[in-house]
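Participant: Need coordinates for the following:
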Amino acid sequence: TPLHVAFQTGNQETIWAVHKAVHDHKTALQELGAWHAEEQADQEVDFHSDQGMPTPLEIGIKCCKMDTQALAQSAEPTMLSFRTFIHRAPECIPSFAK
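Facilitator: The predicted structure follows:
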């Protein structure tokens, strides 16, 4: 997805711009009745499996182009981000919690 690519760059301005574009697109689809946020809200990720596509945040962590502060600031404030930090980069949790 565009957000996966944005996290690969490690550039916060790019990540924020893509976050905004994705949010605006979802909002427009919700207004048309074509997007059901409750169905897409907080997908489950099996952090103990190498199967499946990693989340954009996981890509950002694996690419090692961002420090803990930048990762925490770039992550969406969701339980999925929190769980990703728990399993993949616990050192980011204090910054993320602020």
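Participant: what's the helix or strand for residue 59?
Facilitator: Per DSSP states H and E, residue 59 falls inside helix 56-63.
Participant: In CSV, list the C-alpha atoms belonging to that helix.
Facilitator: In CSV, the C-alpha atoms belonging to helix 56-63 read as follows (Å, rounded to 0.1, in the frame of the first residue of the first chain):
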residue,chain,number,x,y,z
PRO,A,56,3.2,-0.3,7.6
LEU,A,57,4.5,0.4,11.1
GLU,A,58,6.3,-3.0,11.1
ILE,A,59,7.9,-2.1,7.8
GLY,A,60,9.1,1.2,9.3
ILE,A,61,10.6,-0.7,12.3
LYS,A,62,12.3,-3.3,10.0
CYS,A,63,13.8,-0.7,7.7
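Participant: Which elements pack onto that helix?
Facilitator: helix 2-9, helix 68-74, helix 79-88 (3 or more CB pairs under 8 Å, 6 or more residues apart in numbering; DSSP states H and E). In this view, the C-beta of every residue, glycine as well, is placed from N, C-alpha and C.
Participant: out of those helices, nearest to residue 53?
Facilitator: The closest of the helices and strands packed on helix 56-63 to residue 53 is helix 2-9. By CB to CB, the value is 8.0 Å.
Participant: What lies in contact with that closest one?
Facilitator: 14-15, 17-19, 21-22, 53-54, 56-57, 59-60, 63, 65, 74 (CB atoms under 8 Å, 6 or more residues apart in numbering).
Participant: Format the helices and strands packed on helix 56-63 as TSV; extra columns: distance to residue 30.
Facilitator: Listed next are the helices and strands packed on helix 56-63 as TSV, based on distance: least, CB to CB, whole Å:
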stretch	distance to residue 30
helix 2-9	18
helix 68-74	24
helix 79-88	19
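Participant: What mean pLDDT does the helix holding residue 59 get?
Facilitator: Confidence over helix 56-63, taken as the mean pLDDT, stands at 94.
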